[in-house]
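Trainee: 3D, please:
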Amino acid sequence: TIRRFTCGMAQLLASRMLGPLRGGSLAARSLHTSSAVFAAAEKSAPAASTAAKNVQYSVTDDGIAIVKLDLQGSKVNTLNVSLNAEIGPLIEKLENDPKIRAAIITSAKENDFVAGADINMLAACKSAAELEALSTAGQEMFNKLASGKPKVAAIHGTCLGGGAELALACHYRIATTSPKTVFGFPEVMLGLLPGAGGTQRLPKLIGLQNALPLILTGSRISPDKAKRLKLVDQLADPHALESAALQAARGLADGTLKPQRGPKGIVASLTKTILEGTEFGSEFVFKKAREGIIDKTAGNYPSPLRIVDVIQESLKAGGFGTPEGYKAEAKAFGELGQTPESKALVTIFFGQTNSKKNPYGKPKVATNTIGVLGAGLMGAGIAQVSVQKGFNVILKDSNLEGLGRGLAQIEKNLSTEVKKKKLSTHQRDVTMSRIVSLADNTANWQQNLKKADLVIEAVFENIELKHNLIKQIEALTPDHCIFASNTSAIPIAKLAAASKRPEKFVGMHYFSPVDKMPLLEVIMHKGTSPDTAAAAYDVGLRQGKTPIIVKDVPGFFVNRCLGPYSDEGLAVLLDGADIPEVDKALLKYGFPVGPLALVDEVGIQVAASVGKNLKGDLGIRVSSADPALMEAILAKGYQGRKNGLGMYVYPPKGKKSVNPEVVELIEKYRAGRPKRLVSQEDIALRMVSRFVNEAALCLQHDIIASPTVGDIGSVFGIGFPPFRGGPFRLVDSYGAQAFVDLMLKYRDALGPQFEPAPILVEYAKANKKFHP
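Mentor: Numbers count the residues shown, from 1 in each chain. Alright, predicted model coming up:
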């Protein structure tokens, strides 16, 4: 049991260090359910209602207070200064009013319980002491809520962070069965920990082995799982939440309802006793937790380790919920909030939040049906993220074999969601039923494309092939239909030259694997209309992507920066590093995937074509390494993960291993070259500095609109270490002058590909920063 727990925790943590920022913000997206929740309860007490600005409550004839949180001017409730200022006094009123026997805490929002703390409030704190005081105030407020008269949390929608801590402070929790209702403690995603009692109440309620993974990973869980973990006591249909909460409140007040919690059965009881009641058990769990964190994050994220420290300290101090435990939590919250890692993650959070606003407004025609041309890895991925978000999808491939592989990929991924209990089998089947699959030999396949509002091509990177496809498909689609290309590097203007409606032609560049990588680059050529851009951006948002607008140049933004980065990866191999050393160095630096493993993931042919397409524009910046090495690898027929052979060999089962034939090729092409600057640190800095330098040039040449766009694109496009905040935040923390000096050192030793961008030199001379 201990091994399963610690291994599972480590895997979850690893999957969430980039994903943290994938799923979005602590403020949740819009949800939909009945707006009549608690309407009947209000009618029962017309003479006993009280309203403040953000909190209202009414009292039933039999003494049950119904408290509604309703932060004004916001779609969701966040625990900010004004809402917190009303909650505290309200608790006092509830406790001091003799007519009130129990209270229900719920939300007046149609779509949300409480989405978490207001990040602006946290960001405004200038010292660890301020943040610690904020944490202590939150703890005291929820401790008052937890004392005295029974409180029932009636939860529909997002219940995250501070909202989940508020629910924990109640004596009973009822959640709706809606798939829109989710629970989580995402503070770790911002480099923090739960600071209003979450590190104390959660393990006390559901046990150490269940609480640690939730707090360490920021995972969101469904109502069903919350019920299994005993995080909630009862589930109810959204329309029955009102009556269920009233019944529970009355039962608690009368003493007839006594929640049954704690482990069931001998095995569960024994496990809890060993893990929490013995020094050996708890020490083993904490030791394995730390080892898992270090192994999966290289110790780059301070918050997971500090979370373990706080929980361990609390357990040693006499159990969860002691004054010592709360004090340790508040102190850690304050100190973590002032770390560079937390500040970087908060910057990314704000950038991602801003990207949710469509800069071109609402499109004139809503997109309901998306055609996807090409059922390969990318095409199937685009089809999957579209159909999962409610779009109707027409998936077309030239042959049945390719179409079958694409459909199998989608069904496999959805079935994995079923196994994880994120989807039911019925939901999976309904989702698959919204895909119309077509091949060239499908009878009258052309008729289906007359329904498309948007067509996205994801075929091979061949301009002639794409031109022919554009002409063929535009002849079939309605006049309002937008045509988008998922090309990795071909300029959109060159592709649009074949379009009869160039104003409705746009680039939509997704990243592999599409169902996991959150970035979408929207690329406008000079003739793209604003409404077309609005529609593409809107579709990206609805697919759950983080879109950025990028200028139409070879490589766009991410691949333009990835070109020099990958070029340097080959250069360090030729300079004496081996494949595992290169990947290990960048993993240690904080990337989720090593650069050579990444080449295998995107496909060696794709990586090579990006370099070729960039050479005319970037010159030495993508051709400092001998291109003959990559050509020799391609000549062997190696495609990467796609055919199981690349920099690594990928067996059907078991772990990957270094491809010995690629090693032979590297040794052949490095013959006679001296070994130079290939320490772990040099490998990382050589590659990262090339990426950052190109990002700076992109800003200088208006390829991206701001440093924030560059940081967002880098973090969500290739997994640039989130805790470093992106290339521009990295320069700020490193110091522009120090970074320029680093580039000049490598330029003098290795060549002109390291010539620092003029904008970096300018910022170094003026001692400027890219971010305030």
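
Trainee: wait, what's in contact with residue 435?
Mentor: Residues in contact with residue 435 (CB atoms under 8 Å, 6 or more residues apart in numbering) are 383, 387, 393-395, 407, 410. C-betas here are computed from N, CA, C, even on glycine.

Trainee: looking at those residues, which two lie furthest apart in space?
Mentor: Greatest spatial distance among these (CB to CB): 394 and 410, at 13.5 Å.

Trainee: comparing those two, which residue is more hemmed in?
Mentor: Between residue 394 and residue 410, counting by other CB atoms under 10 Å, residue 410 is the more crowded of the two (25 against 20).

Trainee: now do that one, the pLDDT please.
Mentor: What the model reports as pLDDT for residue 410 is 98.

Trainee: tell me which stretches of the stretch 501-650 of the chain form helices.
Mentor: 530-542, 558-574, 579-589, 595-602, 604-618, 627-635 (DSSP state H, counting those that start in this stretch).

Trainee: output those as a markdown table; include the columns distance to residue 120.
Mentor: Output for the helices of the stretch 501-650 of the chain, formatted as a markdown table (distance: least, CB to CB, whole Å):
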| stretch | distance to residue 120 |
| --- | --- |
| helix 530-542 | 22 |
| helix 558-574 | 29 |
| helix 579-589 | 30 |
| helix 595-602 | 35 |
| helix 604-618 | 39 |
| helix 627-635 | 47 |
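
Trainee: tell me which of these sits most buried.
Mentor: helix 558-574 (a mean of 26; mean count of other CB atoms under 10 Å).

Trainee: restricting to C-alpha, output that helix in PDB.
Mentor: Output of helix 558-574 as PDB, limited to C-alpha atoms (Å, rounded to 0.1, in the frame of the first residue of the first chain):
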ATOM      1  CA  VAL A 558       7.700  28.500 -30.900                       C
ATOM      2  CA  ASN A 559       9.300  26.600 -33.800                       C
ATOM      3  CA  ARG A 560      11.400  29.600 -34.700                       C
ATOM      4  CA  CYS A 561      12.900  29.500 -31.200                       C
ATOM      5  CA  LEU A 562      13.000  25.700 -31.200                       C
ATOM      6  CA  GLY A 563      15.100  25.700 -34.400                       C
ATOM      7  CA  PRO A 564      18.300  27.200 -32.800                       C
ATOM      8  CA  TYR A 565      17.600  25.200 -29.600                       C
ATOM      9  CA  SER A 566      17.500  21.900 -31.600                       C
ATOM     10  CA  ASP A 567      20.500  23.000 -33.700                       C
ATOM     11  CA  GLU A 568      22.500  23.400 -30.500                       C
ATOM     12  CA  GLY A 569      21.300  20.000 -29.400                       C
ATOM     13  CA  LEU A 570      23.000  18.500 -32.400                       C
ATOM     14  CA  ALA A 571      26.000  20.700 -31.800                       C
ATOM     15  CA  VAL A 572      26.600  19.500 -28.300                       C
ATOM     16  CA  LEU A 573      26.400  15.900 -29.500                       C
ATOM     17  CA  LEU A 574      29.100  16.600 -32.100                       C
END
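
Trainee: now do it against helix 627-635: the angle between them, please.
Mentor: Inter-element angle recorded for helix 558-574 and helix 627-635: 100 degrees (by axes from the mean of the first three to the mean of the last three CA atoms, to 10 degrees).
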